[in-house]
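> Sharing a model prediction with you, sequence too.
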Amino acid sequence: MLATRGLTWRIGEVAIVDTVYLDLAPGEFLGVIGPNGAGKTSLFNLITGLRRATQGRITLDGRDIGSLPPHRRARLGLGRTFQASSVFGSLSVRENVRLAVQAYRGGSMKLWRRAGADREVAAAADTALERVGLAHRGTALAGTLAHGEKRKLEIALLLAGEPRVMLLDEPMAGVSAEDVPELVRVIRSLTGDGGRSVLMVEHHMDVILELADRIAVMHHGALLACDTPETVMANPTVQEAYLGESL
Ligand SMILES: Nc1ncnc2c1ncn2[C@@H]1O[C@H](COP(=O)(O)OP(=O)(O)OP(=O)(O)O)[C@@H](O)[C@H]1O
């Protein structure tokens, strides 16, 4: 579904992302781990188009998307979690998701000439909120949500764009320990239908181990290993890369 071939991003002489070959199958959940500064976020930036690779290819369903700007990649089904800054704190949770649905569907002018378009947008927003377990918080101001709820809202905003490949960058960041299991449940459900795939960077190893079908390990920009959780955890090179850090 999504593939990178020799993907490289250099700044001067330094390879921040170094010759990465990755394959993400339909419906697959791939966890990305690595010590601080390993290049995980940079890899996401290359895949979503925020940064342009200096070498290598990125394909989605066999199509080379490496030269497309981020919004074109998003249209093709590549979605990344919105940063918290893109949430309008003074609007309700439901309004935020409606705006995201509108932004996504607004490209199709035909929709706006049709009667009932508003209702369709509202229904899609409500479905996204239900998917993440936030339906009961629809009227709350987004700015008043707890961390765990904000993460769910960010996932709902992402779902509004109907992505087939979802990139989640540290979805557990700032989430309190008691909210983690519920968020894990929501994230697990993302791959459940329609063969949607997830690529997730996460520092919480227990969360990665619970969710990932395979784990990709990055170190100094390169891919050290990419295999089942059991094989990766038993890999001595991986353990060495993490010396001094908790795995
Ligand atoms: N625009 C940039 N200019 C210079 N160096 C950069 C730039 N972006 C990233 N880097 C460097 O590239 C390396 C990888 O950064 P990146 O944020 O991708 O790592 P990461 O694995 O996501 O780290 P963390 O787990 O700490 O979030 C770091 O050493 C970082 O300082």
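Okay, I see it.
> wait, what's in contact with the nearest residue to residue 46 once chain neighbours are set aside?
Excluding its sequence neighbours, the residue lying closest to residue 46 (CB to CB, 6 or more residues apart in numbering) is residue 53, at 5.1 Å. (Glycine included, C-beta is placed from N, CA and C.) Residues counted as contacts of residue 53 (CB atoms under 8 Å, 6 or more residues apart in numbering) are 7-9, 17, 46, 66.
> what sits against the residue nearest the centre of the chain?
Central residue of the chain (CA atoms, centre = their mean): residue 167, 1.8 Å from the mean position. Residue 167 sits next to 44, 47-48, 78-81, 198-200 when contact means CB under 8 Å, 6+ apart.
> Near residue 120, how many other residues are there?
13 (other CB atoms under 10 Å).
> Do I have it right that residue 229 meets residue 215?
Yes: taking contacts as CB atoms under 8 Å, residue 229 lies within contact range of residue 215: 5.4 Å.
> so what's in contact with the two at the same time?
Contacts common to residue 229 and residue 215, judged by CB under 8 Å, 6+ apart, are 31, 208.
> Got the domain ranges for the chain?
According to automatic domain parsing, the chain comprises the domains 1-77+163-247, 81-162.
> Make JSON lines from those domains and add mean pLDDT to it.
Below are the domains of the chain laid out as JSON lines (pLDDT from 0 to 100):
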{"stretch": "domain 1-77+163-247", "mean pLDDT": "92"}
{"stretch": "domain 81-162", "mean pLDDT": "85"}
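> For stretch 170-178, measure first residue to last.
Using CA to CA, to the nearest Å, one end of stretch 170-178 lies 17 Å from the other.
> Could you check that stretch and say which residues are buried?
170-172, 175 (16 or more other CB atoms under 10 Å).
> any idea which of these is the one closest to residue 123?
residue 171 (25.6 Å; CB to CB).
> circling back to that earlier point, ok, what's across the strand from the residue nearest to the centre of the chain?
residue 80, residue 199 (DSSP bridges).
> sorry, back to before: turn the domains of the chain into JSON lines, including distance to the ligand.
Conversion of these to JSON lines gives the following (distance: least, CB to the nearest ligand atom, whole Å):
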{"stretch": "domain 1-77+163-247", "distance to the ligand": "3"}
{"stretch": "domain 81-162", "distance to the ligand": "13"}
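> Please identify which of residue 229 and residue 215 sits among more neighbours.
residue 215 (26 against 17).
> just to confirm, which helix or strand has that one in it?
Using DSSP states H and E, residue 215 maps to strand 214-219.
> strand partners of that strand, parallel vs antiparallel please.
Partners of strand 214-219, by DSSP bridges, with direction: strand 29-33 (parallel), strand 222-227 (antiparallel).
> looking at these, which is buried most?
Ranked by mean neighbour count, the strands paired with strand 214-219 are led by strand 29-33 with a mean of 24 (mean count of other CB atoms under 10 Å).
> what element comes up after it heading to the C-terminus?
By DSSP H and E, the next helix or strand past strand 29-33 is helix 40-48.
> Summarise which helices and strands that following helix is packed against.
Contacts defined by 3 or more CB pairs under 8 Å, 6 or more residues apart in numbering; DSSP states H and E place helix 40-48 against strand 2-11, strand 14-24, strand 29-33, helix 70-75, strand 78-80, strand 165-169, strand 197-201.
> In strands, which of the buried residues of stretch 170-178 fall?
The members of those all map outside strands under DSSP state E.
> tell me which of the contacts of residue 167 is nearest to residue 134?
After measuring those against residue 134 - CB to CB - the closest member comes out as residue 81, at 14.6 Å.
> can I assume that closest one is in contact with residue 152?
No: judged on CB under 8 Å, residue 81 makes no contact with residue 152 at a distance of 10.7 Å.
> Comparing those two, which residue is more hemmed in?
residue 152 (26 against 19).
> where does the more buried one land in three-state SS?
Applying DSSP: H, G, I helix; E, B strand; the rest coil to residue 152 yields a three-state assignment of helix.
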